[in-house]
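**Student:** Need coordinates for the below:
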Amino acid sequence: MTDKNGMRWIEGGAFQMGSVNFYPEEAPVRTVRVDGFWIDETPVTNREFAAFVDATGYRSFAEIPPDPRDYPGMDPALAVAGSLLFQRTAGPVDLGDYSQWWTFSTGTDWRHPHGPDSSIAGLEDHPVVHVAYQDVEAYAKWAGKTLPTEAEWEFAARGGMDGADYAWGDELAPGGAMLANYWQGAFPYGNTLEDGYERTSPVRSYPANGYGLFDMIGNVWEWTSDWYGQPRLERKSRGSCCVPANPRGATKRESLDPAAPDIAIPRKVLKGGSHLCAANYCQRYRPAARHAQAIDSSTSHIGFRCISRSR
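**Tutor:** A predicted model of the protein is given here:
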């Protein structure tokens, strides 16, 4: 592995993608192969995203009021700029009702990550958040890069530890060591802060994985380029012994949420978990973990990193 402008070269190879140990959407475990690629050592930071905005004048999704014509039935009075912001609850709540801890916050965006009166001063080396899919695509294009597929991302996150539950082995906190930024205690009210952070943490705050990559687990969820769908075993041609190479996700149409047929918003795959993942709520601080995210949504716990496939 070699360095190139804050990126690491990951040699391609075959690995066991997915898991049957946690959540059904991660199964089945299947053998796939990815070609080699460069990947950012860390999530894109506020400092890096600010450089992009300064160079281009770009305005992020959360900074622009939505057009009610794009959302049939929307009250025009609600068409204001903002983003989803996590807020601790005062005590135990129904974990099936995420509205208990998520609120739409007017004036919250990547420059104001904790609310309209906050700023990124002192957070320059934290991952940028409140970025929707169009924002990360725009940054990647400006940087001459692209976004990883789910398979590329998971291969990189495993750091060579094929089949392990976590990016460092099969134990979440070996010997009590905090190896990533996730929620300790009872979510969404009792964070004991054993890892030292209430929200995001500066990149490189925890040990790198076996490929020299930081924050592949926890801190912020990361966008991938794949449309969300149930994983499936790739069909091989008759008589073929080859492992499927460079698999892709579902189609755009397949990514629509079947539980919300009236809301036809495509969804992408997020990977890696975040500082809000907890043992009692969301054990997705793992390479195999995955989550569906509407492309027109931004939150205080989603970021990204880029790749390049040019050697």
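
**Student:** How many neighbouring residues does the nearest residue to P43 once chain neighbours are set aside have?
**Tutor:** Setting aside the residues directly before and after it, P43 is nearest to P127 in space (Cβ to Cβ, 6 or more residues apart in numbering), at 3.9 Å. For the C-beta atoms, the positions are set from N, CA and C on the backbone; glycine is no exception. By other Cβ atoms under 10 Å, 31 other residues sit near P127.

**Student:** which residues does P127 bridge with?
**Tutor:** Following DSSP bridges, P127 is listed with bridge partners T45.

**Student:** so what's it up against?
**Tutor:** With contacts defined as Cβ atoms under 8 Å, 6 or more residues apart in numbering, the neighbours of P127 are 42-46, 200, 203, 215, 219-220, 303.

**Student:** mind redoing it with 10 Å?
**Tutor:** 42-46, 48-49, 113, 181, 200-203, 215, 219-222, 274-275, 301-305 (Cβ atoms under 10 Å, 6 or more residues apart in numbering).

**Student:** which stretches of the chain form helices?
**Tutor:** In the chain, the helices defined using DSSP state H lie at 46-56, 133-142, 150-158.

**Student:** For L95, find the nearest of those.
**Tutor:** helix 150-158 (25.8 Å; Cβ to Cβ).

**Student:** Who are the packing partners of that closest one?
**Tutor:** strand 7-10, strand 13-17, strand 30-34, strand 37-40, strand 221-227, strand 267-271, strand 290-294, strand 307-308 (3 or more Cβ pairs under 10 Å, 6 or more residues apart in numbering; DSSP states H and E).

**Student:** ok, residues contacting the third one?
**Tutor:** With Cβ under 10 Å, 6+ apart as the contact definition, strand 30-34 has outside contacts at 10-18, 148-149, 151-156, 162, 231-234, 242-247, 309.

**Student:** And stretch 91-104, what's buried?
**Tutor:** 101-102 (16 or more other Cβ atoms under 10 Å).

**Student:** Distance from the chain centre to it, please.
**Tutor:** Offset of stretch 91-104 from its chain centre (Cα atoms, centre = their mean, to the nearest Å): 20 Å.

**Student:** gap between the two ends of it?
**Tutor:** Stretch 91-104 has its terminal residues 20 Å apart, counting by Cα to Cα, to the nearest Å.

**Student:** what does the average pLDDT come to for that stretch?
**Tutor:** In this model, stretch 91-104 has an average pLDDT of 96.

**Student:** ok, residues contacting that stretch?
**Tutor:** Contact with stretch 91-104 is made by 78, 80, 82-89, 115, 186-190, 276, 278, 280-282, 299-301, as judged by Cβ under 10 Å, 6+ apart.

**Student:** And G229, how close does it get to P68?
**Tutor:** Using Cβ to Cβ, to the nearest Å, we find G229 at a distance of 29 Å from P68.

**Student:** So for these two, which residue has more residues nearby?
**Tutor:** Using other Cβ under 10 Å, the more surrounded residue of G229 and P68 is G229, with 19 against 14.

**Student:** Can you get me a residue count around the closest residue to E152 other than its chain neighbours?
**Tutor:** Counting by Cβ to Cβ, 6+ apart, E152 lies nearest to V34, which is 5.3 Å off, once chain neighbours are set aside. By the measure other Cβ under 10 Å, the count of residues near V34 is 24.

**Student:** next one: F86
**Tutor:** Applying other Cβ under 10 Å, we find 18 residues neighbouring F86.

**Student:** That one is in contact with H130, isn't it?
**Tutor:** No - if you go by Cβ atoms under 10 Å, F86 and H130 don't touch, sitting 11.3 Å apart.

**Student:** which residues do these two both contact?
**Tutor:** By the contact definition Cβ under 10 Å, 6+ apart, F86 and H130 are jointly contacted by 105, 299-301.

**Student:** Could you single out the nearest of these to R290?
**Tutor:** The shortest gap between R290 and any of the shared contacts of F86 and H130 belongs to H301, at 15.1 Å (Cβ to Cβ).

**Student:** ok now do the closest residue to F86 other than its chain neighbours, which residues does it touch?
**Tutor:** Nearest residue to F86, sequence neighbours excluded (Cβ to Cβ, 6+ apart): S300, at 5.2 Å. By Cβ under 10 Å, 6+ apart, the contact set of S300 is 83-87, 102, 105, 108, 110, 113-115, 129-130, 199-200, 220, 274-276.

**Student:** One more pass at 8 Å, please.
**Tutor:** Residues in contact with S300, defined by Cβ under 8 Å, 6+ apart, are 83-86, 108, 113-114, 129-130, 199.

**Student:** Out of these, which end up buried?
**Tutor:** Buried members of the contacts of S300, counted by 16+ other Cβ under 10 Å: 83-86, 108, 113-114, 129-130, 199.
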